[in-house]
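Engineer: Test case, fold it:
(one chain, ligands or ions: 2)
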Amino acid sequence: MATYKQLVEEASKQCELVNISGQTALLYLLELCEKEHYDYYMNQNDEISCEMELSYKAGITRILNQEPMNYVLGFSWFYGYKFIVDDNVLIPRPETEELVANILADIDLYFKDYETINCVDIGTGSGAIAIALAKEETKIKMLATDISEGAIEVAKINAKNNDVNIDFLCGSMADPLVENNVKVDFLISNPPYIKQAEILDASVDNFEPHLALFGGDDGLYFYRLIFEKAKLVLNKRSIMAFEMGYDQKETILNEVKKYFGDVRAEVITDINGKDRMLFVYFV
Ligand code: SAM
Ligand code: GLN
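Structural biologist: Ligands and ions are numbered 1, 2, ... in the order given. Next comes the predicted model:
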């Protein structure tokens, strides 16, 4: 029988041999056993149960094969909430939590006196953005869309598990809103924005849905689709918020200018100092 510490140390070495951070071995154990770091350090010399050892080793084998830890676990954390994830959806990223925080700040600034704030999350994937926003601001009436029925199924389960009410529509970008005559105060999207020619890490390329990642030659294909229909789905007083690629500031601001003229548009950096969010204000 092995101790927790022995297992983690062995797995950690194996990870490092294939260029995966050794930390992953410990993080995976903590999530699998639902333990905190301090539990581990207090009990690392205890023997692990046979069942847990088998389950841990099977998971580590998948992780060594470059599969993202969150697909192995079947869940991920976003804005403090738990989301199931599978191969239908992108694993929500920490930079997207910053988009949510900035949206909440703008809701306080610009829609404080609204009784209801109508929002849409286009390309909702796991539902991360839509669900976190609806949890954090109860005045939000949230609609979430995706072109992938598989993603919508996952997002519906996540909404139920997190106990929030969200409407879902399946379709391409702003089309389902236009078809259903929906108008919103806040349009939000983290569309696929990776340039077609970009080479991704194997863990992303081999496991995450390409439908969620690639945004055409310059990565801006989906922004243009949204910009084209924006005026049809936005209330007169409204805001659009997007996640974007770190190297897209100039090109994306050019597109904003083409579609909306001299509207106020701001690119915001993420915690790593990279250009990561675009906010367009019609307020
Ligand atoms: N919103 C989630 C997040 O932030 O974690 C997922 C974002 S992922 C980068 C982009 C999402 O857009 C995927 O769920 C994908 O299925 C969806 N998508 C791709 N093409 C689409 C389209 N034409 N219309 C609507 N959604 C689309
Ligand atoms: N941030 C994601 C990645 O680097 C891409 C997300 C997106 O295309 N919207 O894998």
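Engineer: how near is the residue positioned nearest the centre of the chain to Glu16?
Structural biologist: By C-alpha atoms, centre = their mean, the chain has its centre lying nearest to Pro92, at 2.8 Å. Per C-beta to C-beta, to the nearest Å, Pro92 is found 26 Å from Glu16. No exception for glycine: its C-beta is placed from N, CA and C like everyone else's.
Engineer: related to what we said a few turns ago, for burial, what's the neighbour tally of the closest residue to the residue nearest to the centre of the chain other than its chain neighbours?
Structural biologist: Closest residue in space to Pro92, ignoring its immediate chain neighbours: Ala128 at 3.7 Å, by C-beta to C-beta, 6 or more residues apart in numbering. Neighbour count for Ala128, taken as other C-beta atoms under 10 Å: 30.
Engineer: So the longest helix along the chain, near ligand 2 or not?
Structural biologist: Using DSSP state H to define each element, the chain has its longest helix at helix 94-110. No. Applying C-beta under 6 Å from any ligand atom, one finds helix 94-110 separated from ligand 2 by no less than 6.5 Å.
Engineer: Stretch 246-266 now?
Structural biologist: No. For stretch 246-266, no contact with ligand 2 is found by C-beta under 6 Å from any ligand atom; the gap never falls below 9.3 Å.
Engineer: and the longest strand for this protein?
Structural biologist: In the chain, ranked by residue count with DSSP state E as the criterion, the top strand is strand 234-243.
Engineer: Where do the helices of the stretch 1-150 of the chain begin and end?
Structural biologist: 4-17, 23-33, 37-43, 50-64, 69-73, 94-110, 128-136, 149-161 (DSSP state H, counting those that start in this stretch).
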